[in-house]
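K.L.:
Got a predicted structure plus its sequence, pasted below:
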Amino acid sequence: MASPVPQELDVPGDGQVAVWWSRIDVEPAALVRASGAVDAATLARAQRMRRERDGRQVLLAHALLRRLLAGLTGRRAPTIELLRRCASCDGTDHGRPYLPGGASFGLSHGGELVVVALAAPGADVAVDVEAVQPPERWEAVRRHAFSDDEWAATGGDPAGDRTAHWCRKEAVVKATGYGLEIDLTRVHLDPTVPPATEQPSAVRFDAGDPAAPAGDWCVADLDLAPAHRVAVALRTPRAPLRFTRHHAEL
């Protein structure tokens, strides 16, 4: 059962991740409300999308994020100013968005879902959501994302398990701030961890990869909706992570 985002929210503590999600098949009135919750640049970006579905994903993901940040800060959602910083060049006109002095967050949209993950200030957190893709999708990107061991270990359910493994790697590289500057074949996870168990899996980067930040990284799956895979990555020495899940009404 979906619930409205509360007007007041607590900032997650260390090792805690609050995951909020919604479906994109919402009533027209929800789209109107979402349009009033985002800033002008995001609204214009959503309206420029060639496919209505893509614009809906962008609009609803950012509306959910801003409503959550409004609950954390007491500010009006569309007026919240997010800054950017690039992990590669330290530039401030691009890179991952962040809220100065506030909770860390990651957002993603894929398939029929939008997802936001909130963590403690200063945490490196990201989330990725993907609709389960057919096996031929993964054949096309095998050499760019899977080691031979990972490919073999995810062959039992090549659609669901390979979607989950891709999702985990995407969440990890997003959490580092470098994104796909990091070659996914240089990110190593345990492919035998069953999807959607919320069991954190340790992350290892190839030695000497200049875009791989130091620290203890882990990634875990969440089961939010059928035919989708969701992964949350976090740099933390704490284990296990503590997740709360919230189905948001938009």
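P.N.:
Great, that's in hand.

K.L.:
Please make it C-alpha for all contacts and neighbour counts, starting now.
P.N.:
Will do.

K.L.:
can you give me the strands in this structure?
P.N.:
3-4, 16-23, 83-85, 96-98, 104-110, 113-119, 125-131, 187-188, 201-202, 204-205, 217-222, 228-235, 242-249 (DSSP state E).

K.L.:
Residue 34 is nearest to which of those?
P.N.:
strand 242-249 (10.9 Å; CA to CA).

K.L.:
residues of the closest one that come out buried?
P.N.:
Buried residues in strand 242-249, counted by 16 or more other CA atoms under 10 Å: 243, 246-249.

K.L.:
helices and strands of the chain: which one has the lowest mean pLDDT?
P.N.:
strand 201-202 (a mean of 86; mean pLDDT, DSSP states H and E).

K.L.:
Neighbouring strands of it in the sheet, and parallel or not?
P.N.:
Partners of strand 201-202 in the sheet, by DSSP bridges, are strand 217-222 (antiparallel).

K.L.:
any residues touching the least confident helix or strand of the chain, and which ones?
P.N.:
Strand 201-202 has contacts (CA atoms under 8 Å, 6 or more residues apart in numbering) with 189-190, 193, 216-220.

K.L.:
quick revisit: include pLDDT and distance to residue 158 when you put the buried residues of strand 242-249 into JSON lines, please.
P.N.:
Converted to JSON lines, these look like this (pLDDT from 0 to 100; distance: CA to CA, whole Å):
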{"residue": "243", "pLDDT": "93", "distance to residue 158": "27"}
{"residue": "246", "pLDDT": "97", "distance to residue 158": "29"}
{"residue": "247", "pLDDT": "97", "distance to residue 158": "28"}
{"residue": "248", "pLDDT": "97", "distance to residue 158": "31"}
{"residue": "249", "pLDDT": "94", "distance to residue 158": "33"}
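
K.L.:
Between those residues, which sits nearest residue 134?
P.N.:
So of the buried residues of strand 242-249, ranked by how close each gets to residue 134 (CA to CA), first place is residue 247, at 26.6 Å.

K.L.:
low pLDDT regions in this structure?
P.N.:
Judged by pLDDT under 70, the chain has its weakly predicted residues at 237-240.

K.L.:
thinking again about what came up before, can you tell which of the strands of the chain is closest to residue 53?
P.N.:
Going by CA to CA, the one of those nearest residue 53 is strand 104-110, 10.1 Å.

K.L.:
That closest one to strand 113-119, inter-axis angle?
P.N.:
Interaxial angle, strand 104-110 versus strand 113-119 (axes from the mean of the first three to the mean of the last three CA atoms, to 10 degrees): 170 degrees.

K.L.:
which residues touch strand 104-110?
P.N.:
Residues from elsewhere that reach strand 104-110 (CA under 8 Å, 6+ apart): 57-58, 61-62, 65, 98, 114-131, 175.

K.L.:
Going through the residues you listed, which ones are buried?
P.N.:
57-58, 61-62, 65, 98, 114-121, 123-131, 175.

K.L.:
The nearest residue to residue 24 once chain neighbours are set aside: neighbour count?
P.N.:
Leaving aside its chain neighbours, residue 24 sits nearest to residue 112 (5.4 Å; criterion: CA to CA, 6 or more residues apart in numbering). Neighbourhood size, residue 112 [other CA atoms under 10 Å]: 18.

K.L.:
now swap in residue 188 and tell me
P.N.:
17.

K.L.:
What of the one 4 residues further on?
P.N.:
The local packing count at residue 192 equals 13, with neighbours defined by other CA under 10 Å.
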